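In: Pasting the sequence and the predicted model now:
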Amino acid sequence: MSAQVVRSSPWQRWVRQPQKVWLRRAIFQVHLWAGIGLGLYVFFISVTGSVLVYRNELYVAVTPDVVTPSASPAEAAANVPLGMWLVDSLIDAHDNLLSGRTGRLVNGAGATAVLLMCLTGAVLWWPGIARWREHLVLRRGVGWRRFTWQLHGVVGFWSFAFLLVLAVSGMYLCFPDQFAALADRLQPPTNENAGTRFVDSALYWLAYLHFGRINGIGIPCSGPGLCDQATKLVWAIGGAIPAAMFVTGAIMWWNRVVRRWLRRRGSVGLTVTDATPL
């Protein structure tokens, strides 16, 4: 009796050996080149957003003590023009890329692209049913290239939910009308649900969760203080994660793509030189 060849289904290959699934390889290329193409943009938005968690503190820092509550607007502007302009420009650069409505639309597209990178990254993280626990922590005794790869995956896994919230909330802040229209379709407004709709609460929290300035709302403390500052610190660190992901991703791209390309070019050049008659 001839042995029967048992073929595994695409789902079984995905669960056990996702590296051999064609769709995963295609998603890897999308994730890789989208990350490289948008890397500097993501780095800029990430760093500025992390700093602007403390925008209120920045305004206080650039306002000297000589500006008293009784000072007129002209007197205040004369004392703090540069500092206020710098903070306002940083906010405008983060929100609108210094380009008004056009910059806001570009930011909305960028947030959508970040969402795509989060989702494709989640797909690429899955190493197979037998090895997924190994990819939850960093391991010692590996070379720096493998460590960079591990760091990218581990940080991406543990920050996935946070980055997802930042991306979706960024999309909402750039496209509020479209989100409001979607909310009305999901839960049409009526006299009975006025002021109590779940979708309204969801949009409200999207905005607050993006900035991290929640002043204790929804967590066991109230008003500015230690809890508020701790929340801001978490958001500032979390806001810098996309920048770190770009750095590690760029290093991996250099090792996987650029170094190999340079090596091949060097080999071809060497071969051509050797074959040229003296």
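Out: Sure thing, it's come through.
In: what residues are up against the closest residue to L164 other than its chain neighbours?
Out: Of all residues not flanking L164 in the chain, C118 sits nearest, at 5.4 Å (Cβ to Cβ, 6 or more residues apart in numbering). Yep, even glycine has a C-beta here, placed from its N, CA and C like the rest. By Cβ atoms under 8 Å, 6 or more residues apart in numbering, the residues touching C118 are F160, L163, L164, A167.
In: what's the distance between C118 and Q17?
Out: 24 Å (Cβ to Cβ, to the nearest Å).
In: Let me see the contact set for P189.
Out: Applying Cβ under 8 Å, 6+ apart to P189 gives the contacts R197.
In: where does the protein dip in pLDDT?
Out: Scanning the chain with the threshold set as pLDDT under 70 gives 1-7, 64-79, 213-225, 267-278.
In: Distance of the residue positioned nearest the centre of it relative to G121?
Out: For the chain, the residue sitting closest to the mean C-alpha position, by Cα atoms, centre = their mean, is P242 at 4.2 Å. Here the criterion is Cβ to Cβ. By it, P242 lies 11 Å from G121.
In: same question, L86
Out: Noted for L86: a distance of 34 Å to G121, by Cβ to Cβ.
In: More neighbours: which of these two?
Out: With neighbours defined as other Cβ atoms under 10 Å, L86 and G121 compare such that G121 has more, 21 against 12.
In: does that one count as helix, strand or coil?
Out: At G121 the chain is in helix, as set by DSSP: H, G, I helix; E, B strand; the rest coil.
In: Touching, the residue nearest to the centre of the chain and F44? I think so.
Out: No: shown here, P242 and F44 do not form a contact pair, counting by Cβ atoms under 8 Å, at 10.0 Å.
In: Can you report how many residues lie near Q229?
Out: 12.
In: Oops, could you answer that again for N107 instead?
Out: For N107, the neighbour count with other Cβ under 10 Å is 22.
In: So it, which state does it fall into?
Out: Relying on three-state DSSP, one would call N107 helix.
In: List the contacts of L173.
Out: L173 is in contact with D95, A207, H210, counting by Cβ under 8 Å, 6+ apart.
In: out of the residues you listed, which are buried?
Out: Neighbour counting by 16 or more other Cβ atoms under 10 Å classes D95, H210 among the contacts of L173 as buried.
In: mind putting the contacts of L173 in TSV, secondary structure and distance to L182 included?
Out: What follows is the contacts of L173, written out as TSV (DSSP: H, G, I helix; E, B strand; the rest coil; distance: Cβ to Cβ, whole Å):
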residue	secondary structure	distance to L182
D95	helix	22
A207	helix	15
H210	helix	17
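In: and which of the contacts of L173 is nearest V234?
Out: For the contacts of L173, the closest approach to V234 (Cβ to Cβ) belongs to H210, at 13.4 Å.
In: Give me the spatial nearest neighbour of the closest one, chain neighbours excluded.
Out: According to Cβ to Cβ, 6+ apart, the nearest residue to H210 is S169 (3.6 Å).
In: The nearest residue to V165 once chain neighbours are set aside is in what secondary structure piece?
Out: Once flanking residues are discounted, V165 sits nearest to L209: 5.4 Å by Cβ to Cβ, 6+ apart. Assessed by DSSP states H and E, L209 sits inside helix 198-211.
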